[in-house]
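In: let's see this in three dimensions:
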Amino acid sequence: MVHQLFTVIGGQDGDRVLHEVVCFEEIKKTRQLCNELLDPDVGSSIGGWLESRANDRLRISNEGSVYPRTQLLAHLGPSMKLRVPRLPACSVVVLMTAFTWTTGCQPKADSAPQPQGPPPNVLLISIDTLRPDHLGAYGYERATSPRIDRLAAEGALFETAISSSSWTLPAHAALFTGLSDSVHGCDDSNRRLDESRRTLAEVFAERGYQTVGFFAGPFLHPTFGLAQGFERYVDCSSYAEQSKQVAIRDGSLDTADIGDASHADITNPRVYTQFKHWIDQERSDPFFMFVHLWDAHFDFVPPPPYDTMFDPTYTGDVDGIDFFRNPKVHPHMNARDLDHVLALYDGEIAWTDQHVGMILDDLDAKGLLDNTIVALVSDHGEEFFEHGAKGHRFTLYDEVIRIPMIFWFPKKIPAGLRINNATSIIDVFPTLLDLAGSANTEEPMGRSLVPYFDPTTAETVDDRLAISELNTLGNELASFRSADYKILADAKSGRQRMYDLRIDRREGLPTPVSRVGSDRERAVVQEMRALKTWLHEKKKALQALPSTPAFSDALVEQLQVLGYLDEDAPSLGAVEVDTNHESKELTVDDVDKE
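Out: Below is the predicted model:
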């Protein structure tokens, strides 16, 4: 196993050389190599330090100078210098697993072309509970999202982007791993992402990126295993200390007290403050940054002026406080009152859009934005009684699984692209790696969307059904979505229904799958069955298992390193294992039953 620890780009007499020092399991050999490559005193110091911190991933990079990470600076001091040997300008010194050196001006015949210029930064923004049909870029009449609209106008917008589920935890696990819910295994609140699942942050970290995440909702907490690969992963909620104690006590954060605290919380300013501090004082390039904005999630209590921005004349007594349990918010409520609730939701979106703009403006002011890939998505939408319910996590109708998906990177993405083909949240993983010029050696189920950005390849991309699953709160549901058709399957009842979305956007006119008539509809059914087989194969290939039901030693260590647990913390509560989890996987596997 090899962990890249740091890279040094230096120069002497105008020559540019690259040293990539990696840490091997045989730490003594690493120390020896440090002594040979670097100034003897510094090399010995680094080598000894590596012996005690062999699992850290650190990186030094900057042309002509040394830019160490904070931990390395703390050990060696900011005046550390490296001795760069005199080599031809094109020479590259790389330490490989066999401890060999490759030098010289002629590249190996099988060597991959090197990317031109510095690698791009990557910013992944997830806005919780954001429906695309409430954004101007997607045709909404209210001006809820001027900054997101501008991002979309300057980049690529996907019209039919679909989440892996209709709630936060499994959708973010899918976003981070590129795997469908029944494969990544983190699909209920008593489950965790297994350490064997490779995350986007881990991949970027291994490619020399500094990785940082800022989150503001309970189901993004590292208790659920989602912090894998992040050097810093910051809880921006007001109840962070309470979350820590509840995690120790119960082993989960799906509790009434945490739920109430999260629904009442206002988090956007804290997320921005943490982002601002990091970008001003702790950043090194390139970076992979994840920003989770929570405030569009209920309760819908936007601060002024957003509380009255879209409904200033309302005089009724309905508000967005305690939205989910509020008896005044029900399927038969007065239409005027419901419109006010929607206006409050829109106010939360506008409030969040402002913070998206602030983040982008800060990156631009520092000269970073032009070399930063920006991806903006949501994890799920929200129901306002379109099918009788409110909230999310209960169904797989479009109001909860259709999400915004926008990519911005002018160097590779033409402005104004709008793609109607069905895409999935699991496609973000390979797309970001592709845009960053990193070879994708992982096994995600998603596919890169980069071919859509080139008119010469866009027409050659095959359509694929997007899978959504819901295995929580007694549900065993699956959705298979194309741009024009959708199949909803209920494993408990065995019912399968198809919707022709060209004429039935509200999903109110279902046809039993056994009765579909047109060739096009039958083709969708056949694709669903083929997709079911492919999903089986992926599960087998990736050794799909339910995620760890209790805190593993590795997760405890990760929580301690990130500051979420003290080293002398009491044992974490075990999580009850869901013995019916295997039957829940019939959501997809048994969809051919009628």
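In: grab the nearest non-local neighbour of Arg418.
Out: The shortest distance from Arg418 to any residue that is not its chain neighbour, by C-beta to C-beta, 6 or more residues apart in numbering, is 5.1 Å, and that residue is Leu157. C-beta coordinates here come from the backbone N, C-alpha and C atoms, glycine included.
In: phi and psi next, for Arg447.
Out: Arg447 has phi and psi values of phi -130, psi 150 when expressed as degrees, to the nearest 10.
In: quick one: it and His332, what's the gap?
Out: Computed as C-beta to C-beta, to the nearest Å, the Arg447 to His332 distance reads 43 Å.
In: okay, these two: which has more neighbours?
Out: Taking Arg447 and His332 together and counting by other C-beta atoms under 10 Å, Arg447 has the greater number of neighbours (20 against 6).
In: now do the contacts for that one.
Out: For Arg447, the residues meeting the contact criterion (C-beta atoms under 8 Å, 6 or more residues apart in numbering) are 427, 430, 464.
In: adding secondary structure, write those out as JSON lines.
Out: What follows is those, written out as JSON lines (DSSP: H, G, I helix; E, B strand; the rest coil):
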{"residue": "Asp427", "secondary structure": "helix"}
{"residue": "Pro430", "secondary structure": "helix"}
{"residue": "Arg464", "secondary structure": "coil"}
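In: could I get these as a markdown table with distance to Gly357 and pLDDT?
Out: Formatted as a markdown table, the contacts of Arg447 follow (distance: C-beta to C-beta, whole Å; pLDDT from 0 to 100):
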| residue | distance to Gly357 | pLDDT |
| --- | --- | --- |
| Asp427 | 26 | 97 |
| Pro430 | 28 | 95 |
| Arg464 | 33 | 89 |
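In: ok so, going back, shouldn't the residue nearest to Arg418 be within a strand?
Out: Yes - if the criterion is three-state DSSP, then Leu157 is within a strand.
In: can you give me the neighbour number for it?
Out: Neighbours of Leu157 (other C-beta under 10 Å): 25.
In: got a list of what Gly155 touches?
Out: So, once contact is read as C-beta under 8 Å, 6+ apart, Gly155 ends up touching 374, 406-410, 413, 415, 417.
In: switch the cut-off to 7 Å
Out: By C-beta atoms under 7 Å, 6 or more residues apart in numbering, the contact set of Gly155 is 406-408, 413, 415.
In: for Ala296, see how far away Ala343 is.
Out: Looking at Ala343 against Ala296, where the rule is C-beta to C-beta, the gap reads 13 Å.
In: look at those two and report which has more neighbours.
Out: Ala296 (27 against 22).
In: correct me, but the more buried one touches His134?
Out: No - proximity of Ala296 to His134 does not meet the contact threshold set by C-beta atoms under 7 Å, at 8.9 Å.
In: next SSE downstream of the host helix or strand of Val212?
Out: Secondary structure here is read from DSSP states H and E; on that basis Val212 sits in strand 210-215. As assigned by DSSP H and E, the chain's next helix or strand after strand 210-215 is strand 232-235.
In: direction included, what does that next one pair against?
Out: Using DSSP bridges, the strands paired with strand 232-235 in its sheet are strand 210-215 (parallel).
In: contacting residues around the strand it pairs with?
Out: Applying C-beta under 7 Å, 6+ apart, the external contacts of strand 210-215 come out as 59, 201, 204-205, 229-236, 271, 274-275, 278, 284, 287-292.
In: returning to what we had before: just the buried ones from the contacts of Gly155?
Out: Restricting these to buried positions leaves 406-408, 413, with burial counted as 16 or more other C-beta atoms under 10 Å.
In: ok, now which ones touch Ala201?
Out: With contacts defined as C-beta under 7 Å, 6+ apart, Ala201 is in contact with 211, 228-230, 288.
In: ok, now with 6 Å
Out: For Ala201, the contacting residues are 211, 229-230, by C-beta atoms under 6 Å, 6 or more residues apart in numbering.
In: determine the three-state secondary structure at it.
Out: Here Ala201 is helix, with the state taken from three-state DSSP.
In: which residues does Met445 contact?
Out: Contacts for Met445 (C-beta under 6 Å, 6+ apart) come out as 179-180, 426, 538.
In: most neighbours among these, please name it.
Out: Each of these was scored by neighbour count (other C-beta under 10 Å); the top score is that of Ser180, with 30 neighbours.
In: surely that one touches Ala466?
Out: No - between Ser180 and Ala466 there is no contact under C-beta atoms under 6 Å: 9.7 Å.
In: sorry, back to before: so how do I select the buried members of the contacts of strand 210-215 in ChimeraX?
Out: In ChimeraX, the members of these classed as buried (16+ other C-beta under 10 Å) are selected with the following command:
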select :59,201,204,205,229,230,231,232,233,234,235,236,271,274,275,278,287,288,289,290,291,292
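In: from the contacts of Met445, pick the one nearest Gly474.
Out: Using C-beta to C-beta, Ser180 is the member of the contacts of Met445 that sits closest to Gly474, with 20.4 Å.
In: picking that back up, roughly how far apart are the residue nearest to Arg418 and Ile148?
Out: Relative to Ile148, Leu157 is positioned 10 Å away (C-beta to C-beta).
In: beta partners of Glu469?
Out: With DSSP bridges as the criterion, the beta-bridge partners of Glu469 are Ala478.
In: against Phe176, how distant is it?
Out: With distances defined as C-beta to C-beta, the gap from Glu469 to Phe176 amounts to 16 Å.
In: who's more crowded, those two?
Out: Neighbours were counted for Glu469 and for Phe176 using other C-beta under 10 Å; Phe176 has more, 32 against 28.
In: for the stretch 101-250 of the chain, which segments count as helices?
Out: 146-153, 168-177, 181-184, 200-206, 240-250 (DSSP state H, counting those that start in this stretch).
In: out of the ones you listed, which is closest to Trp534?
Out: The closest of these to Trp534 is helix 181-184. By C-beta to C-beta, the value is 10.9 Å.
In: which elements pack onto the closest one?
Out: helix 168-177 (3 or more C-beta pairs under 6 Å, 6 or more residues apart in numbering; DSSP states H and E).
In: does His292 really touch Ile125, like I thought?
Out: No - His292 is beyond contact range of Ile125, at 8.0 Å (criterion: C-beta under 6 Å).
In: tell me the secondary structure for Thr315?
Out: Assigned with three-state DSSP, Thr315 falls in the coil class.
In: mind pulling up the pLDDT for it?
Out: As summarised for this prediction, Thr315 has a pLDDT of 96.
In: top of the contacts of Arg447 by neighbour count?
Out: Per-residue neighbour counts (other C-beta under 10 Å) across those peak at Asp427, which has 26 neighbours.
In: ok, the nearest residue to that one once chain neighbours are set aside to Leu368 distance?
Out: Counting by C-beta to C-beta, 6+ apart, the nearest residue to Asp427 once its immediate chain neighbours are dropped is Gly446, at 4.0 Å. Here the distance between Gly446 and Leu368 works out to 27 Å (C-beta to C-beta).
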